[in-house]
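Enquirer: What follows is a predicted protein model with its sequence.
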Amino acid sequence: MTEFIPPGTQFCALPSPFPMKRGGALHGARIAYETWGTLNGARDNAILIVTGLSPDAHAASNAGNAEPGWWEQMVGPAKPIDSDRWFVICVNSLGSCKGSTGPASINPQTGETYRLDFPELSVEDGADAAAHVVRALGIERLACIIGNSMGGMTALAFMLRNPGLARSHINISGAAQALPFSIAIRSLQREAIRLDPDWNHGKYDDAHYPESGMRMARKLGVITYRSALEWDGRFGRVRLDSDHAGDDPFGLEFEVESYLEGHARRFVRRFDPNCYLYLSRSMDWFDLGEYGREQDGNRNDRAGNPGSGGVRAGLAGIRVERALAIGVQTDILFPLQQQEEIAEGLRAGGAYSEFLPLPSPQGHDAFLVDIARFGPAVAGFLATL
């Protein structure tokens, strides 16, 4: 059980106890974060970035850590999220193993690692924790909250549960509720981990770590993070050299298999399996339709679906001045209609809200790599603030 905390990480203590949406509370919990730029005298130039499942708070290099971050090309001086103008904050999600309190952390009440004794985690808990960091930094209102992937869910929950704390919003490849396909994929990922004998009901250690389960979970994830179009263009049917095939008659044969294997092996010992399970399940549980159905008298939509109408009402309950929802046509994990739904729902709530579909071939991960498309879109929106 290990936490992986980048150098230069800062910490914000959460209120103790910190109540959780689905019951229970955390004691002595904290959130890891990093910052770029300078908060101005009016304290109105702050931007908050909330992340996907696996990233840490180190979005880009800074004074505390010169190593490139996971969004290095997007955050920094003269970059799309320009730290010469903005005070940028990136938080590591509650429940993660990258500095914020999660299943891999020590429970101060027992002196032992939480493991599966960690309370049930929801996206809303991560949103509440991020909001506390913002207020603890003396910020009464963010200029913008930016959420990627799971962070897009977190940002929506943040704005709904903290009215007025953000003036504008950029939602990148996010969603207002988990769709069946995405739930199915994440369910298989969790099953792969739980069926590994070394998982041992969450009681593993470095010597007995569920490596096979984590490898399979990561491979499944990576397959859905990119598009079939990219897989074909990048690897085609190119085979490995015969001397790399090994003795296993069913072993790695194609370059795409080798890529997945290498990617998975780099990940497995850098992320805690229990944290992966908790964060993954929190995404499946997320549904803004819960809030919408409360406001809308539990009415169904025109098709008789209890989810869609509730989601629209839930989004319309968010109060924000401006919003931009960006999606990618090749994203199968958070498909384009989900970002269009966000833009329309926020517009129904009174926001000046735009939807921007991008033609990137790189699927759900495009926001991490296709900066040529995403950079101008983000910079253009921020220039209007």
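Expert: Cool, got the structure.

Enquirer: distance between the ends of stretch 142-152?
Expert: Counting by Cα to Cα, to the nearest Å, you get 16 Å between the two ends of stretch 142-152.

Enquirer: which residues in the chain form strands?
Expert: Per DSSP state E, the chain carries strands over the ranges 10-13, 18-19, 25-26, 30-36, 46-50, 75-76, 81-82, 87-91, 106-107, 112-113, 144-148, 168-172, 322-328, 352-358.

Enquirer: can you pull the contacts of residue 198?
Expert: 204, 208-213 (Cβ atoms under 8 Å, 6 or more residues apart in numbering). Heads up, the C-betas are built off the backbone N, CA and C, glycines and all.

Enquirer: actually residue 47, not the one I typed
Expert: 81, 86-89, 142-146, 382.

Enquirer: And the furthest pair within the residues you listed?
Expert: 89 and 382 (14.7 Å; Cβ to Cβ).

Enquirer: out of these two, which sits in the more crowded spot?
Expert: residue 89 (27 against 20; other Cβ atoms under 10 Å).

Enquirer: In the stretch 101-250 of the chain, where is pLDDT below threshold?
Expert: For the stretch 101-250 of the chain, residues meeting the criterion pLDDT under 70 lie at 242-246.

Enquirer: Quickly note the distance from the closest residue to residue 293 other than its chain neighbours to residue 341.
Expert: Nearest residue to residue 293 in three dimensions, chain neighbours excluded: residue 310, at 3.9 Å (Cβ to Cβ, 6 or more residues apart in numbering). According to Cβ to Cβ, to the nearest Å, residue 310 stands 12 Å off from residue 341.

Enquirer: Would you mind telling me which of those two has the busier surroundings?
Expert: More neighbours surround residue 310 than the other of residue 310 and residue 341, with 26 against 21 (other Cβ under 10 Å).

Enquirer: wait, doesn't the more buried one sit right on residue 289?
Expert: Yes - the criterion here is Cβ atoms under 8 Å, and residue 310 meets it with residue 289 at 3.1 Å.

Enquirer: Dump the contacts of residue 198 to TSV, plus neighbour count.
Expert: Shown next, in TSV, are the contacts of residue 198 (neighbours: other Cβ atoms under 10 Å):
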residue	neighbour count
204	22
208	12
209	20
210	24
211	16
212	17
213	24
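
Enquirer: quick one: pLDDT of the spatially most central residue of the chain?
Expert: The structure's the chain has its C-alpha centroid closest to residue 52; by Cα atoms, centre = their mean the separation is 1.5 Å. In this model, residue 52 is scored at 96, pLDDT.

Enquirer: any idea how far it is from residue 333?
Expert: Per Cβ to Cβ, residue 52 is found 10 Å from residue 333.

Enquirer: and if you look at residue 7?
Expert: Residue 7 is 31 Å from residue 333, by Cβ to Cβ.

Enquirer: Please identify which of these two sits among more neighbours.
Expert: residue 333 (22 against 9).

Enquirer: Which among the strands of the chain is found nearest to residue 193?
Expert: strand 112-113 (16.7 Å).

Enquirer: which neighbours does the closest one have in its sheet, and in what orientation?
Expert: Here strand 112-113 has these sheet partners by DSSP bridges: strand 106-107 (antiparallel).

Enquirer: who's in contact with stretch 264-280?
Expert: 1-4, 53-54, 93, 95-97, 102-104, 114-116, 118, 121, 150, 186, 189-190, 193-194, 199, 202, 204, 209-211, 213-219, 222.

Enquirer: Buried ones in it, by neighbour count?
Expert: Residues 264, 267-268, 271-280 are the ones in stretch 264-280 that count as buried (16 or more other Cβ atoms under 10 Å).

Enquirer: Show me how far that stretch is from its chain's centre.
Expert: Relative to its chain's centre, stretch 264-280 lies at 14 Å (Cα atoms, centre = their mean, to the nearest Å).

Enquirer: what do you get for stretch 9-29?
Expert: Computed by Cα atoms, centre = their mean, the chain-centroid distance of stretch 9-29 equals 19 Å.

Enquirer: what about dumping the CA coordinates of it to CSV?
Expert: Extracted C-alpha coordinates of stretch 9-29, given in CSV (Å, rounded to 0.1, in the frame of the first residue of the first chain):
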residue,chain,number,x,y,z
THR,A,9,2.8,19.0,-3.7
GLN,A,10,0.9,21.3,-1.2
PHE,A,11,-1.8,20.1,1.1
CYS,A,12,-5.0,21.5,2.4
ALA,A,13,-6.6,20.0,5.5
LEU,A,14,-10.3,19.2,5.2
PRO,A,15,-12.8,19.9,8.1
SER,A,16,-12.8,17.1,10.6
PRO,A,17,-15.1,15.3,10.4
PHE,A,18,-15.6,15.6,6.7
PRO,A,19,-19.1,14.1,5.9
MET,A,20,-19.4,11.8,2.9
LYS,A,21,-22.5,11.8,0.6
ARG,A,22,-23.3,8.1,1.0
GLY,A,23,-22.6,8.0,4.7
GLY,A,24,-19.7,8.0,7.1
ALA,A,25,-17.1,10.7,7.5
LEU,A,26,-13.3,11.2,7.2
HIS,A,27,-11.2,12.5,10.1
GLY,A,28,-7.9,14.3,9.6
ALA,A,29,-8.3,14.2,5.8
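
Enquirer: which residues are contacting that stretch?
Expert: For stretch 9-29, the external contacting residues (Cβ under 8 Å, 6+ apart) are 30-35, 56-58, 64-65, 92, 94, 99-101, 105, 108-109, 119-122, 124-125, 128-129, 132-133, 136-137, 285.
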